[in-house]
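Engineer: coords below, sequence missing:
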């Protein structure tokens, strides 16, 4: 039986790219939304040290995960890696 369609490696790379992009987008927008949502929630919910610590840790995780997301890039395009900064480059 002959397989019709793209090779398995190509499909796996496509799925990996889509999952990676979804994680970056979630982290980026989570880092933006958590403070906006968290402050009103803290005004309503009793603010214990655990609740505040959880919110801060969640925000830091989102910041770290979403830092390489490029909002100007379209969803279907592969995420471009930032080139390393060398000496004398601005």
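Structural biologist: That came through fine. This is a predicted model, so every value here is computed, not measured.

Engineer: please count neighbours and contacts with C-alpha atoms only from this point.
Structural biologist: Will do.

Engineer: how far off centre is stretch 36-44?
Structural biologist: Counting by Cα atoms, centre = their mean, to the nearest Å, stretch 36-44 is centred 22 Å from the centre of its parent chain.

Engineer: in it, what's buried?
Structural biologist: Neighbour-count burial for stretch 36-44, with 16 or more other Cα atoms under 10 Å as criterion, is recorded at residue 38.

Engineer: contact partners of that stretch?
Structural biologist: For stretch 36-44, the surrounding residues in contact (Cα atoms under 8 Å, 6 or more residues apart in numbering) are residue 55.

Engineer: so for it, what's the average pLDDT?
Structural biologist: Mean pLDDT, stretch 36-44: 86.

Engineer: which helix is the longest one in this protein?
Structural biologist: Counting residues, the longest helix found in the chain (DSSP state H) is helix 8-44.

Engineer: what's whichever helix or strand comes after that one packed up against?
Structural biologist: Following helix 8-44 in sequence order, the next helix or strand is helix 49-66 (DSSP states H and E). The helices and strands touching helix 49-66, judged by 3 or more Cα pairs under 8 Å, 6 or more residues apart in numbering; DSSP states H and E, are helix 8-44.

Engineer: where does this structure have low pLDDT?
Structural biologist: 1-3, 5, 73-90 (pLDDT under 70).

Engineer: which parts of the longest helix of the chain are buried?
Structural biologist: Quick answer for helix 8-44 (16+ other Cα under 10 Å): 17, 18, 21, 24, 25, 26, 27, 28, 30, 31, 38.

Engineer: just give the nearest non-adjacent residue to residue 34, would you?
Structural biologist: Closest residue to residue 34 apart from its sequence neighbours, by Cα to Cα, 6 or more residues apart in numbering: residue 59 at 6.4 Å.

Engineer: so residue 4, which of the three states?
Structural biologist: Following DSSP: H, G, I helix; E, B strand; the rest coil, residue 4 is assigned to coil.

Engineer: what about it, neighbour count?
Structural biologist: Other residues near residue 4 come to 6 when the count uses other Cα atoms under 10 Å.

Engineer: where's it relative to residue 11, distance?
Structural biologist: Relative to residue 11, residue 4 is positioned 12 Å away (Cα to Cα, to the nearest Å).
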